[in-house]
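S.K.: with the input below, show me the fold.
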Amino acid sequence: MSQPSPPADPAPPAPTAADYYAVNRGGGLFSEAVSQHVGARIAVHAHKHRLAPTVLTVFNLGIGGLVSILVIATAIPVADGRIWAWPIGLLALLGWQLAYAFDCADGQLARVTGQTSPAGARLDVLCDVAVQISLVAALGAVAEAQVPDTPAWLLAAFAGTWMVNLVTSVMQTGDKAASMVTSRSLPVRLVKLVRDYGAVVALAGLVLTVAPQWTIWFVGLFTLVNAAFLAASVMFSAREALHS
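M.R.: Just a heads-up that it's a prediction; the model follows:
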């Protein structure tokens, strides 16, 4: 009589949201408290439906880009009073946050499921750049529509300095990463909210929702913040280079 075959090993349990969140790459107080948690939930559903991390990366690009195009297309009608500002602003607030959550989710999914690759990492960075270019263009369009004599140099400086955060983040990955202020105390983390992409995009959406005429002040403020961070980063890197 043949022996019954041994029972097959049970399939390993699917990763939980906590598993995905455990491998998040931070981003700041707001991002860790909101965006990365939402990203972990997205990663759970993506794994359940067998979606590759690249699919989530493309969702980030599609959602972020489409929202920015809508903001640009309605900038003048909103400024003229032909369209209410708050629906457009609310859509921007939620859409940009959702796009960023997908950006958080793709990395979490790739790391937990072992699907990381150099090509996927490059695509992630390129899509991040594309989304942020569209976001900067949208904010610039609103600022100019609300205040037609907005200086061109201010919009150019805003566009140029906005990318400082993304560029420095890419440069500081890996075992050579360094931070000018390493403390994780609450006061320091609150100050660092001005560098937290999730928090900054949330503020941009709130401005578009409540008072789009203040967009020029948002543009000016973050031009100063990012320019100051660039100058500080140059000095910090120069000091490190001189002492290496």
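S.K.: alpha carbons only for contacts and neighbour counts from here, please
M.R.: Will do.
S.K.: for the protein, which segments count as helices?
M.R.: With helices called from DSSP state H, the chain shows them at 17-21, 29-30, 36-48, 53-80, 85-113, 118-146, 152-162, 164-171, 186-191, 197-210, 215-242.
S.K.: so where is this structure shaky, pLDDT-wise?
M.R.: By pLDDT under 70, the low-scoring segments of the chain are 1-11, 169-184, 186.
S.K.: circling back: quick one: the helices of the chain as TSV, columns for mean neighbour count too.
M.R.: Shown next, in TSV, are the helices of the chain (neighbours: other Cα atoms under 10 Å):
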stretch	mean neighbour count
helix 17-21	19
helix 29-30	20
helix 36-48	22
helix 53-80	20
helix 85-113	23
helix 118-146	19
helix 152-162	17
helix 164-171	14
helix 186-191	13
helix 197-210	20
helix 215-242	15
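S.K.: so which residue is smack in the middle of the protein?
M.R.: Y100 (4.5 Å; Cα atoms, centre = their mean).
S.K.: pretty sure it is touching S35, no?
M.R.: Yes. Applying Cα atoms under 8 Å, one finds Y100 in contact with S35, separated by 6.9 Å.
S.K.: identify the contacts common to the two.
M.R.: G198 (Cα atoms under 8 Å, 6 or more residues apart in numbering).
S.K.: before we move on, the earlier item: dump the residue contacts of the residue nearest to the centre of the chain.
M.R.: 35, 60, 64, 198.
S.K.: quick check, nearest of those to V225?
M.R.: G198 (15.7 Å; Cα to Cα).
S.K.: list the contacts for the closest one?
M.R.: 27, 30-31, 35, 97, 100.
S.K.: and these, which two are furthest apart?
M.R.: G27 and Q97 (13.5 Å).
S.K.: that older thread, can you lay out the contacts of G198 as CSV showing distance to Q132?
M.R.: Below are the contacts of G198 laid out as CSV (distance: Cα to Cα, whole Å):
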residue, distance to Q132
G27, 15
F30, 18
S31, 16
S35, 16
Q97, 12
Y100, 10
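S.K.: hmm, V71 is touching A92, no?
M.R.: Yes. Counting by Cα under 8 Å, A92 is a contact partner of V71 at 7.2 Å.
S.K.: closest to V210 out of the contacts of G198?
M.R.: For these, the nearest to V210 is Q97 (16.9 Å; Cα to Cα).
S.K.: what sits against that closest one?
M.R.: 35, 198, 201-202.
S.K.: mind doing that once more with 7 Å?
M.R.: 198, 202 (Cα atoms under 7 Å, 6 or more residues apart in numbering).
S.K.: and it, how far from S35?
M.R.: From Q97 across to S35, the span is 7 Å (Cα to Cα, to the nearest Å).
S.K.: check I63 too.
M.R.: From I63 to S35 the distance is 15 Å (Cα to Cα).
S.K.: and if you look at Y20?
M.R.: Distance, Y20 to S35, using Cα to Cα: 12 Å.
S.K.: repeat that for N24.
M.R.: 10 Å.
S.K.: and for the two, which residues touch both?
M.R.: Counting by Cα under 7 Å, 6+ apart, nothing touches both N24 and S35.
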